[in-house]
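Enquirer: Following is a predicted model, sequence given first.
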Amino acid sequence: MIRRREFITLLGRAAATWPLAARAQQPAMPVIGFLHRETLTPSREALIAAMKRGLAEVGYVEGRNVAIEYRWAEGQTDRLPALATDLVRHNVAVIVAVGNTPTALAAKSATQTIPIAFLVGTDPVESGLVESLNRPGGNATGVSVIDVEVVAKRIELLQQLLPAATSIALFVNPKNPITTLAETREARAAAQALGLRLLILEASSANEIGVAFDALVPQQASAILVSSEIFFFSVQDQLINLAMRHKIPISIPQPEGVRKGALIGYGANTNDAFRALGVFVGRLLKGERAPDLPVQRSVKIDLLINLKTAKTLGIEVPPALLARADEAIE
């Protein structure tokens, strides 16, 4: 027979273990692995916030019912495989691969089972990420922004601003051959159709950009077109300052670059693309299968023109082009 004091002691011990047992039975919070080729900057914080808005649309809020593990390669593409493998070891529920195609390829090489949501600016079929846009197959799907496809349009817009132009220089990153080859192919075809000479400038570091400008100036290029490759996003200030110093009009795809002084920008709306990416991640967390989720094409394109820069360079913006702009900076 258990005495009253012994019974109370046993009851107290059992009560102390109930919360622990209850917590053990609760499902673990899913973890998203976020992999990016570059470094964290205020601009990228804003894009991550856009992704979180997309997640919230499907019911996921960081810290409440989902966690995020961040991995940044700090511009070193060769670090991506190890960082992707580290996320796999942490048994994340979904890997978000951002920073263009090399990031997505590194994630796909690290796992064939964990769902991958990518955001790329090149053709995901051509790069081997998916079997087709409608039926991705494998474990990867996501958002494909219109970057490469608008290269020809960007050259056409520059010619409208500079009708006397004879040559255009294209900045590309040789360390991302997938984007470089695709954009160079599109640029060559567009330049030839418009009767323009195309100069190819390669740079994958800040120092190489300076060297490329030193080689460019004597060739008297009429304008500069900057690749959508993500490396150039982090060196926008340097590119714009050098272009303005040498009084060369420059086209940068991201809106931030135009607000900082680039003449014109025409490219995918990255905030919209990241929001769509967040929705994709949420759908994968809810159990939808990557092979069955068609790749989404982000088709929202923004046209920005910096009128202050145009005035400094003595360029008259055609009224018809100005009327088409989503934003004119004065």
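Expert: Done, it's in.

Enquirer: the helices in the stretch 1-150 of the chain, which residues?
Expert: 4-25, 42-57, 80-89, 101-110 (DSSP state H, counting those that start in this stretch).

Enquirer: How about the stretch 201-330 of the chain?
Expert: Using DSSP H, counting those that start in this stretch, helices in the stretch 201-330 of the chain cover 206-216, 236-245, 255-259, 270-285, 307-312, 319-324.

Enquirer: now these as JSON lines including mean pLDDT, mean neighbour count and distance to residue 148?
Expert: Just so you know, the C-beta spots here come from the backbone N, C-alpha and C atoms, and that holds for glycine as well. Listed next are these as JSON lines, based on pLDDT from 0 to 100; neighbours: other CB atoms under 10 Å; distance: least, CB to CB, whole Å:
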{"stretch": "helix 206-216", "mean pLDDT": "93", "mean neighbour count": "15", "distance to residue 148": "21"}
{"stretch": "helix 236-245", "mean pLDDT": "94", "mean neighbour count": "18", "distance to residue 148": "19"}
{"stretch": "helix 255-259", "mean pLDDT": "90", "mean neighbour count": "21", "distance to residue 148": "18"}
{"stretch": "helix 270-285", "mean pLDDT": "95", "mean neighbour count": "23", "distance to residue 148": "14"}
{"stretch": "helix 307-312", "mean pLDDT": "97", "mean neighbour count": "16", "distance to residue 148": "25"}
{"stretch": "helix 319-324", "mean pLDDT": "95", "mean neighbour count": "10", "distance to residue 148": "21"}
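
Enquirer: Arrange these in JSON lines, one row each, with distance to residue 30 as further columns.
Expert: As requested, those are exported to JSON lines (distance: least, CB to CB, whole Å):
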{"stretch": "helix 206-216", "distance to residue 30": "39"}
{"stretch": "helix 236-245", "distance to residue 30": "35"}
{"stretch": "helix 255-259", "distance to residue 30": "32"}
{"stretch": "helix 270-285", "distance to residue 30": "6"}
{"stretch": "helix 307-312", "distance to residue 30": "46"}
{"stretch": "helix 319-324", "distance to residue 30": "43"}
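
Enquirer: Ok, which of the ones you listed comes nearest residue 113?
Expert: Nearest to residue 113, of all those, is helix 270-285, at 12.6 Å by CB to CB.

Enquirer: name the helices or strands packed onto the closest one?
Expert: Helices and strands touching helix 270-285, by 3 or more CB pairs under 8 Å, 6 or more residues apart in numbering; DSSP states H and E, are helix 42-57, strand 94-98, strand 116-120, strand 140-145, strand 296-298.

Enquirer: Out of these, flag the one nearest residue 86.
Expert: strand 94-98 (10.9 Å).

Enquirer: Which residues does that closest one contact?
Expert: 30, 32-37, 51, 84, 87-88, 103-104, 106-108, 110-111, 114-119, 140, 142, 277, 281, 284-285 (CB atoms under 8 Å, 6 or more residues apart in numbering).

Enquirer: Drop anything exposed from those residues.
Expert: 30, 32-37, 51, 84, 87, 103-104, 106-108, 110-111, 114-119, 140, 142, 277, 281, 284-285 (16 or more other CB atoms under 10 Å).

Enquirer: got the contact list for the closest residue to residue 29 other than its chain neighbours?
Expert: Using CB to CB, 6 or more residues apart in numbering and skipping the chain neighbours, the partner closest in space to residue 29 is residue 67 (5.4 Å). Residue 67 makes contact with 29, 30, 31, 32, according to CB under 8 Å, 6+ apart.

Enquirer: wait, what's in contact with the third one?
Expert: Under the criterion of CB under 8 Å, 6+ apart, the neighbours of residue 31 are 66, 67, 68, 69, 90, 91, 92, 93.

Enquirer: Could you verify my assumption that the first one touches residue 60?
Expert: Translated: residue 66. Yes. Counting by CB atoms under 8 Å, residue 60 is a contact partner of residue 66 at 4.5 Å.

Enquirer: Overlap in contacts, these two.
Expert: residue 285.

Enquirer: centroid residue for the protein?
Expert: residue 99 (4.8 Å; CA atoms, centre = their mean).

Enquirer: mind checking pLDDT for that one?
Expert: With respect to pLDDT, residue 99 has a value of 84.

Enquirer: Also residue 124?
Expert: So, for residue 124, pLDDT stands at 93.

Enquirer: Then residue 4?
Expert: So residue 4 comes in at 47 (pLDDT).

Enquirer: mind listing what's buried in stretch 185-196?
Expert: Neighbour-count burial for stretch 185-196 [16+ other CB under 10 Å]: 186, 187, 190, 191, 196.

Enquirer: wait, which of the residues you listed is closest to residue 239?
Expert: residue 187 (16.8 Å).

Enquirer: one step back: where's the dip in pLDDT among the contacts of residue 67?
Expert: Among the contacts of residue 67, residue 29 has the lowest pLDDT, at 91.
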